[in-house]
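# Here is the input, now give the coordinates:
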Amino acid sequence: MSASVVYVTASSREEALAIGRAVVSERLAACANVIGAIRSIYWWEGKIDEGDEALLILKTTEDRLDSLIERIRGLHSYTTPCVTAWPIAAGNPDYLAWIEAETTGD
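The predicted model follows:
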């Protein structure tokens with residue numbers, strides 16, 4: 001089993017919570033952490049833009065990543081949402097096993 005952390009920015013805390021609830025209830029992610037009030041500075045449509053967002057951090061397995069990313073894209077209000085994933089190189093074996101169990105269970 002290979003676990004991953006998925007980093008998502010959202011337009012608001014409410015949007016991050018809605019996406020988190022959906023993907024956890026569908027077992028695409030074992031856990032969702034919502035961090036409100038972040039400030040993002042980025043290039044968009046040829047100019048630097050800036051705005052308030054919320055951060056959503058998800059834990060899932062590698063075999064769920066494609067489905068999770070597609071589901072987030074379908075739920076998200078942005079045309080091009082930030083959704084990136086990093087493999088978890090090491091961690092508490094019990095926690096990593098929990099991620100696997102919660103994304104494959106009923």
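# got the residue ranges for the strands in this structure?
3-10, 31-44, 47-61, 83-87 (DSSP state E).
# Dump these to a markdown table, plus distance to His76, mean neighbour count and mean pLDDT.
C-beta: built from backbone N, CA, C; applies to glycine. Listed next are the strands of the chain as a markdown table, based on distance: least, C-beta to C-beta, whole Å; neighbours: other C-beta atoms under 10 Å; pLDDT from 0 to 100:
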| stretch | distance to His76 | mean neighbour count | mean pLDDT |
| --- | --- | --- | --- |
| strand 3-10 | 7 | 21 | 98 |
| strand 31-44 | 14 | 13 | 96 |
| strand 47-61 | 10 | 17 | 98 |
| strand 83-87 | 8 | 14 | 98 |
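# will you turn those into CSV that also has distance to Ala22?
Converted to CSV, the strands of the chain look like this (distance: least, C-beta to C-beta, whole Å):
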stretch, distance to Ala22
strand 3-10, 12
strand 31-44, 9
strand 47-61, 11
strand 83-87, 14
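# Figure out which of these is closest to Arg73.
Minimum separation from Arg73 across these (C-beta to C-beta) falls at strand 83-87, 7.0 Å.
# Quick check: can you name the pairing partners of that closest one and their directions?
Here strand 83-87 is paired, per DSSP bridges, with strand 3-10 (antiparallel).
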